[in-house]
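[1] after the sequence you'll find the predicted model.
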Amino acid sequence: MSTPQKKVKAESQENRKVLIILSILHSVLLIFLTLWLLDQNVTYGDEKALIKWSTIIKKLVFKIDPKPAQQELLFINTAYDISLIDKLDENEFPVGFQTITDRTKLAKLFEVINTGNFKPKYIICDIFFKDKSPDDSLLNSQISKIDNIVIPYHLKENNQPNTPIFNVNKGLADYNIIEDSFLKYSLLTKDSLESLPLVMYNNLYKSNFKKKNILYFLNNHLSFNTIVIDFRVRYYDIQEGKSATPYPYVNLGEFLSLPDSIISQTIKDKIIVMGDLQDRDIHKTILGTMPGSMILLNVYLTLVNKENIINIFLLLILFLAYFFVSYDLFSKKNIKERKSVKVIMQYKFGKFFVNYLGYLLYLGILSTFLYILYNIHINIFILAVYLKIIELFINHFRTEKDKRDKKSFFKNIYKFRKEFIKVIKSQN
């Protein structure tokens, strides 16, 4: 091999090494950007549609829809068991009446639980005990005896906790509504306020979830703090006539009409989900309307199935996917020069697709694949915009460089011509 050929080959190998190193560094940057975006409790662009359709593909097309066993859950609806208490103004003067869940019935249920032979595994009592009532002492005497129970609290307008009047296990139960529907849920708020599902999980599994610097850990495993919920249990799962095998569901008043022994046997080893399952506490999700209590249950199931843990194989898939797109992005050979892409760009839609939608499709497929494997949706819109901006910047830089190289080329040709004429004249 001649020396010029060796030099060209050496330069080519050196350029490829630089390209590979640059692609690796950029892939790592994209992974950090992805993890940061996943931790934000917001959704961008049309990602709601992507999340919805990837969920449909997973659950209806691939039939990947695991659910808890029927004997594990019991739903108790409190929507129809209400009582009236005084509505007080800012100065604690009564201005009318307001409805609350009947606390005598709740006290009766908890009394049966406390005195019965069988105990539930856990109780999600999704009832906000904000206002006082004449029956509070009766309810407090029973609810305070139960260790495996959690009740919700919320944040005030000043973002300070609005705690319930009963001193039992409690967790934050606020939802972030995005585009009129529920999409994401944060396990920890303001670095210290544990969500209700997290409190429940910590109690049952003796776990520890905390933030270290900018990262979150569950039992020393790197974890997401904000998660997209898979919704293993959905509204139709508790509706007779819609589900072939509905979960046990009963209204509180009807349940209390049964003998205590039957109630005790029914609740044995079950997770009891209590709350308004029919009326006021209903939220929109990507899979239809759903009671707030059911949303909390699904967040807990996400933790049980460790879908909040950042898996090493997840990081590997992200790295490979980002490496390929980075290699194309930084390569001197534009992706539009490839034969397969040229065929697509013969058509108007193909040009539009390659120029504007290529990254969205690539990242959309990646997000769907990751959701099927790990129940994780990456934020494709921001990432696609970022990649497009980098592509435009690189193309602009190369165009300017080509212009400079072109000018330099013609300038050298002119100098050569001028010197050549001088030599010819000197010979004459």
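    Looks like it arrived, so ask away.

[2] tell me the helix or strand right after the helix or strand hosting Lys105.
    Assessed by DSSP states H and E, Lys105 sits inside helix 103-115. Using DSSP H and E, the helix or strand that follows helix 103-115 towards the C-terminus is strand 122-126.

[3] so what strands line up beside that next one?
    strand 149-155 (parallel), strand 271-275 (parallel) (DSSP bridges).

[4] name the stretch among those that sits most buried.
    Ranked by mean neighbour count, the strands paired with strand 122-126 are led by strand 271-275 with a mean of 23 (mean count of other CB atoms under 10 Å). In short, each C-beta sits where N, CA and C put it, glycine included.

[5] which residues in the stretch 301-428 of the chain form helices?
    In the stretch 301-428 of the chain, the helices defined using DSSP state H, counting those that start in this stretch lie at 312-330, 339-344, 348-352, 358-374, 380-427.

[6] now the second one: mean pLDDT?
    When pLDDT is averaged over helix 339-344, the result is 55.

[7] got it, and the third one?
    Predicted confidence along helix 348-352 averages 54 (mean pLDDT).

[8] can you give the domain ranges for the protein?
    Each domain of the chain is listed here as a residue range: 3-38+311-408, 66-304, per automatic domain parsing.

[9] coming back round to it: tell me how far the helix holding Lys105 lies from the chain's centre.
    36 Å (CA atoms, centre = their mean, to the nearest Å).

[10] and the angle from that helix to strand 271-275?
    Per axes from the mean of the first three to the mean of the last three CA atoms, to 10 degrees, the angle that helix 103-115 makes with strand 271-275 is 170 degrees.

[11] what packs against helix 103-115?
    helix 136-143, helix 252-256, helix 260-267 (3 or more CB pairs under 8 Å, 6 or more residues apart in numbering; DSSP states H and E).

[12] distance of Ser207 from Phe217?
    Here Ser207 is placed at a distance of 10 Å from Phe217 (CB to CB, to the nearest Å).

[13] which regions of the stretch 101-250 of the chain sit below the pLDDT cut-off?
    177-181 (pLDDT under 70).

[14] strands along that one, start to end?
    122-126, 149-155, 161-162, 170-172, 176-178, 181-186, 188-189, 193-194, 209-212, 215-218, 221-223, 226-228, 249-251 (DSSP state E, counting those that start in this stretch).

[15] so which of the helices and strands packed on helix 103-115 comes closest to Asp191?
    Among those, helix 136-143 comes nearest to Asp191, with 29.0 Å by CB to CB.

[16] other SSEs contacting the closest one?
    helix 103-115.

[17] for Asn91, give me the pLDDT.
    71.

[18] count of residues packed around it?
    The tally of other residues near Asn91 (other CB atoms under 10 Å) stands at 6.

[19] below-threshold pLDDT in the stretch 251-400 of the chain: ranges please.
    333-357, 400.

[20] Asn251 is in contact with Asp81, correct?
    Yes. Assessed by CB atoms under 8 Å, Asp81 is found in contact with Asn251 at 7.1 Å.

[21] follow-up on the earlier one: redo the strands paired with strand 122-126 as TSV? Include distance to Ile238.
    What follows is the strands paired with strand 122-126, written out as TSV (distance: least, CB to CB, whole Å):
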stretch	distance to Ile238
strand 149-155	20
strand 271-275	9
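
[22] for Leu360, find the nearest of those strands.
    Of all the strands paired with strand 122-126, it is strand 149-155 that lies closest to Leu360, at 35.1 Å by CB to CB.

[23] what about the residue nearest to Phe110 when sequence neighbours are not counted, how many neighbours?
    With sequence-adjacent residues excluded and distances taken as CB to CB, 6 or more residues apart in numbering, Phe110 is closest to Gln142, at 3.8 Å. By other CB under 10 Å, 19 other residues sit near Gln142.

[24] how about Pro94?
    10.

[25] need phi/psi at it.
    phi -70, psi 130 (degrees, to the nearest 10).

[26] circling back: of Asp81 and Asn251, give the one with the bigger neighbour count.
    Neighbours were counted for Asp81 and for Asn251 using other CB under 10 Å; Asp81 has more, 21 against 17.

[27] check the more buried one and give its pLDDT.
    92.

[28] contacts only, for it.
    With contact taken as CB atoms under 8 Å, 6 or more residues apart in numbering, Asp81 is in contact with Thr101, Asp102, Lys105, Asn251, Leu252, Gly253.

[29] try 7 Å
    Contact partners of Asp81, counting by CB atoms under 7 Å, 6 or more residues apart in numbering, are Thr101, Asp102, Lys105, Leu252, Gly253.

[30] quick one: it from Thr189, how far?
    30 Å.

[31] then Tyr247?
    Distance from Tyr247 to Thr189, by CB to CB: 29 Å.

[32] quick one: Asn225 and Leu187 touch, right?
    Yes. Asn225 is within contact range of Leu187, at 5.3 Å (criterion: CB atoms under 7 Å).

[33] thanks a lot, see you next time.
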